[in-house]
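>>> need the 3D shape of this:
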Amino acid sequence: MDAFAQACYLMGVGYEYHSYEGELLRFSPAVRSQALAAMEVDGTNLAALSALNYRLDAAPWQQLVDETTLVNEHQPRLLVRVARSQYQQNNAGVHLQLLEGDKQLHWSLAEGEIVGDYHLDHEVYLKLAFNLPFNWLAPGFYDAQVNIGEQLADTQLWWVPEYSYQPHCFAPHAKVPVQKLLGLSFGLYTLVSERGVGIGDFSDLAALVVAAAELGIDYLLLNPLHLLDTTQAQAVSPYSPVSRLLLHPLYISIELSEDCDPQLRHDLAEAHAHYQSLANAPWLDYERVYALKWPLLQRLYDNFCASACVERRSAFRRFQSARRDALDTLPSGSSEQDEYWQWQAWLQRKHCQQLAITSGMRIGLINDLAVGVTRSSGEYRQYQSHFTQGAEIGAPPDPFARQGQNWGMPALHPKRLASDHFAYFKSLLRANMHDVGALRIDHVMALRRLWWCLADQQGCYVYYPFDALLAVVKILSHQERCAIIGEDLGVVPPQVQTALAESRVLTNTVFYFCRDHQGFFAPKQLPEQTLLMISNHDLPPFAAWWQGSDIDQAIELQLISDEQAQDMYGERESQRRQLLELLSEQGQQCNLESASEDIYSALCQVLARAPSRLLTLQLDDLDNQHVAVNVPGTHTQYPNWRRQLSTQGGAILARQASLLQQLGRARHGT
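Numbers count the residues shown, from 1 in each chain. Here you go, the predicted model:
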């Protein structure tokens, strides 16, 4: 392997991949060189490449242990490296000491199993594995020291559980079988606020929690609640945040805060009435929301400063200290007021989760972690050294985007992500797992590889330290008691599929795609370890899909040609007939003239029999929405992320109470 190829391999730059059509495509040396350049590596400087390769490949063998040591609890072993000459002398012991507490272990060199070797500078270095006691540690990160004779090295030892955290409803044991659960998905912003200012807030979420729990709903899957750019009312995509470690202040419920006094409650009612009188239903007017709600949020902080008791001030200071890593990702120029808003938002989200559990939900809230952040964000500013300067993330060409996709977000540097024992990634996950029942990781394939968009519309896959990143996910899921769902829609590397299954991380299945040339899959053919949904926020609501109005819309938005539209109409008609065949086989009698609501109800009853662990219904579909909340491939042509529901969430559920209760009985086996 030449120096350039070796550098690409060691830095994670891909060599080839299979396209969506199954064709094996190789990345050109020029594209791979661009990927190296984005990581500040000159692909034309052979001397520098050789030095880099030595540092990444050879030099670690001269280190006693890695800076980060992963120990798998099902086969716990400590890996150390020694020169063969030292090993043959066999006169030294190996000592492991945790820096906190009194846990330590000792072995002779002879007890180590040789599991690897490396020839370097007329010496052979051996990798030795020493067995650790089972259940020696709880899942976590432990600072430790390892020494052999006079050699001493620091490491952070990660005790990695075999599985991600499994709630009681996930984990079968003698008395409680594995349960199949029923949930709802929606964006909090889509809720019609009962007493707030336009946008759905945590009071509306709390009300929906109670109404849903009464009907046997087990969880609520939310679009990301991340902090968005509050200086731009048009920056509304929950998947383009400025900090994934923080929450968006617009979701704060004024009335739910302890700092809401009678006068502020009165002014909130006036703001609510004013917004409702001017609202252009069903589209959310962010400009007006900001204009009306921001002064109310500011007055909450003023009230806190003027009248908060000693206990609450102390609680705020504890929050500031405990969440400093997250608060440091606030935009430049932020004040204590911004930190206060974060405190209120975190308290209210926690309240909603606690309410969900006490109301009888088995999981409660499922948080959603976006795949990246904007380059102008506070998160990027705080962790800028972890990002590349010349690459953005996206996706290769596929049937939905023939030219590929560029999501406009900077790519993380695979090597710098490991800085300080992956501290940034740990902070990111902690912030999103805290006080929720489960976490959905958007585009979970990013733990393994991401498509980098480079110059001249070129791109390639770059690989990340998958084992370490998945280990962090599993450890923190246990520490935060948070189940994990990996959104794996698209092309998924086999290694990711296998690792997720072995780690008992649930994946994501969309029924629209569950078919082949013969038709839609029967319920028993659907996977078990998955979150099953009919549609999602990037796809048309069921009513639009059934009636083909999403194709009409694509023509209007000039996303497809007339010729493409005709092909899509024909394909959709075939899919409709295939769906009717499936429903008929499952005892549901419908026809092409049936209302979309009746087809949807029948499909839900069929899918309730599937072995899939989680069945998720879109609140959009229960509301019989015909208009998408997001149309991929559009920016200014369509008001993405602004479409709201027709009425309050509780009213929608009340209309669908009979269906939901029936589905709940089917899922829960009652």
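
>>> CA atoms for contacts and neighbours, from now on please.
OK.

>>> how close does residue 481 sit to residue 397?
Plainly put, residue 481 is 38 Å away from residue 397 if you go by C-alpha to C-alpha, to the nearest Å.

>>> more neighbours, those two?
Each of residue 481 and residue 397 has its neighbours counted (other C-alpha atoms under 10 Å); residue 481 has more, 19 against 14.

>>> chain neighbours aside, what residue packs nearest to that one?
Closest residue to residue 481 apart from its sequence neighbours, by C-alpha to C-alpha, 6 or more residues apart in numbering: residue 165 at 6.2 Å.

>>> now do the same contact list for that neighbour.
Counting by C-alpha atoms under 8 Å, 6 or more residues apart in numbering, residue 165 touches 474, 477, 478, 481, 482, 483, 484.

>>> which SS class is the first one?
Right, residue 474. Taken by DSSP: H, G, I helix; E, B strand; the rest coil, the conformation at residue 474 corresponds to helix.

>>> report pLDDT for the residue lying closest to residue 416 once chain neighbours are set aside.
Nearest non-adjacent residue to residue 416, counting by C-alpha to C-alpha, 6+ apart: residue 386, 5.2 Å away. pLDDT recorded at residue 386 is 97.

>>> is it true that residue 386 touches residue 417?
Yes: with contact defined as C-alpha atoms under 8 Å, residue 386 reaches residue 417; the gap is 5.6 Å.

>>> stretch 99-109: which residues count as buried?
Within stretch 99-109, the residues that count as buried by 16 or more other C-alpha atoms under 10 Å are residue 109.

>>> just to revisit the earlier point, quick one: residues contacting the residue nearest to residue 416.
412, 413, 416, 417.

>>> quick one: the strands in the stretch 301-450 of the chain, in order.
Assigned by DSSP state E, counting those that start in this stretch, the stretch 301-450 of the chain shows strands spanning 364-369, 387-395, 405-412, 438-441, 449-453.

>>> tabulate the CA atom coordinates of the fourth one in CSV.
Right, the one you point to is strand 438-441. Taking C-alpha atoms only, strand 438-441 is exported to CSV below (Å, rounded to 0.1, in the frame of the first residue of the first chain):
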residue,chain,number,x,y,z
ALA,A,438,-35.9,7.0,24.6
LEU,A,439,-33.7,8.7,22.0
ARG,A,440,-34.1,8.4,18.3
ILE,A,441,-30.7,9.1,16.5
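
>>> so, low pLDDT: which residues of the protein?
Applying pLDDT under 70 to the chain picks out residues 172-177, 399-402, 670.

>>> name the residue most distant from the centre of it?
Relative to the centre of the chain, the most outlying C-alpha is that of residue 89, 50.3 Å out, by C-alpha atoms, centre = their mean.

>>> can you pull the contacts of it?
Contacts of residue 89 by C-alpha under 8 Å, 6+ apart: none found.

>>> so how far is residue 636 from it?
Residue 89 is 72 Å from residue 636, by C-alpha to C-alpha.

>>> same thing with residue 22?
34 Å.

>>> would you point out which residue is most central in the protein?
Closest-to-mean residue, the chain, C-alpha atoms, centre = their mean: residue 441 / 1.9 Å.
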